[in-house]
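Visitor: build me a model:
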Amino acid sequence: MRQERGQAFDELLSYIERELDFESGFYNDAYLDRRINARMRRTGADDYRAYQRLLEDDDGERAELLDSLSINVTGFFRNPEAWESLREVLRDLTAEQRSVSIWSAPCADGREPYSIAMLALDDDEIDARRVEILGTDINREILRTARRGRYETSQTTDIEAELEPLSAYEPYVDREGDVFTVTDRVSDLVEFERHDLIRGPEKGRFDLVCCRNLLIYIDADYKVPIFETITGSLSEAGYLMIGMTETLPAEFRDRYDPVEKKHRIYRRA
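Guide: I've put the predicted structure just below:
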């Protein structure tokens with residue numbers, strides 16, 4: 001029975017790769033299984049084969065699954081205590097350099113790069129005029145959301161609570177009821193473009209790269225190419241920030257020095 005279930009799961013992944021143009025091989029199976037099963041429960045599909053039949057007949061469900069499989073879990077100032085450590089990095093960088101380039105990858109719906117911009121604008125010891133931020137993601141639809149910079153409070157997302165690390169959010173976000181839209185002074189610091197971290201090229205020379213909460217979903221074989229891209233995109237002695245539950249691949253540990261171990265901030269050696 002378990003073998004039959006495993007075969008049905010593999011066949012479903014093959015279908016998703018072939019028909020939905022989604023590279024399932026980059027992600028670990030546990031992550032994919034969780035996301036697929038969540039959609040199966042939503043749609044009432046009893047097993048993988050029933051869900052595949054649904055996908056074959058339902059364009060809307062194919063779109064819903066693709067959105068679910070994309071790693072777009074995010075929030076403004078996610079893990080707020082880590083942002084206090086990042087604040088110190090931004091203070092040092094803007095004090096030392098005339099321009100500071102920052103890469104948020106993957107940026108999901110844009111809340112991480114916008115958080116960086118707000119932090120820079122909100123802190124008197126950070127010269128936001130020197131800051132420029134690039135947000136990239138592989139998902140074109142989520143990038144459209146990011147460029148709009150419009151977010152809505154829902155049962156699962158309390159935008160006002162996410163913005164609590166700011167002294168006040170009103171200078172950076174316009175609010176109409178439950179809808180929050182970033183202001184021009186925030187969006188002017190951020191640009192977005194599509195980029196594939198695994199197969200895409202290096203991205204210039206950045207002073208800080210934030211790659212948070214991606215590695216926990218990625219199959220171990222693909223972490224090395226991701227870090228090759230990141231490391232090649234960092235300036236000499238540039239900073240890297242990863243997620244608080246993530247670690248550097250063994251192949252790269254001698255290429256970074258820890259700056260703030262608890263909050264996973266490193267500096268290129």
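Visitor: now do the helices in the stretch 151-269 of the chain.
Guide: 159-162, 184-187, 223-233 (DSSP state H, counting those that start in this stretch).
Visitor: ok, and which of these has the densest surroundings?
Guide: Across the helices of the stretch 151-269 of the chain, averaging neighbours per residue (mean count of other C-beta atoms under 10 Å) puts helix 223-233 on top, at a mean of 18. For glycine as for every other residue, the C-beta is placed from the backbone atoms N, C-alpha and C.
Visitor: who touches residue 107 in this structure?
Guide: Contacts of residue 107 were listed using C-beta atoms under 8 Å, 6 or more residues apart in numbering, and they are 113, 135, 136, 137, 143, 146, 192.
Visitor: please pick the buried ones from those.
Guide: By neighbour count, with 16 or more other C-beta atoms under 10 Å, these hold 113, 135, 136, 137, 143, 146, 192 as buried.
Visitor: which of these fall in helices?
Guide: Using DSSP state H, 113, 143, 146 are the members of these that sit in helices.
Visitor: residue 186: which of those residues is nearest?
Guide: Minimum distance to residue 186 across those is 9.5 Å, recorded for residue 113 (C-beta to C-beta).
Visitor: for that closest one, what are its contacts?
Guide: With contact set as C-beta under 8 Å, 6+ apart, residue 113 has these partners: 102, 104, 107, 133, 134, 135, 146, 190, 192.
Visitor: okay, the helices of the stretch 151-269 of the chain in CSV with distance to residue 41 next?
Guide: Formatted as CSV, the entries for the helices of the stretch 151-269 of the chain read as follows, by distance: least, C-beta to C-beta, whole Å:
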stretch, distance to residue 41
helix 159-162, 27
helix 184-187, 37
helix 223-233, 30
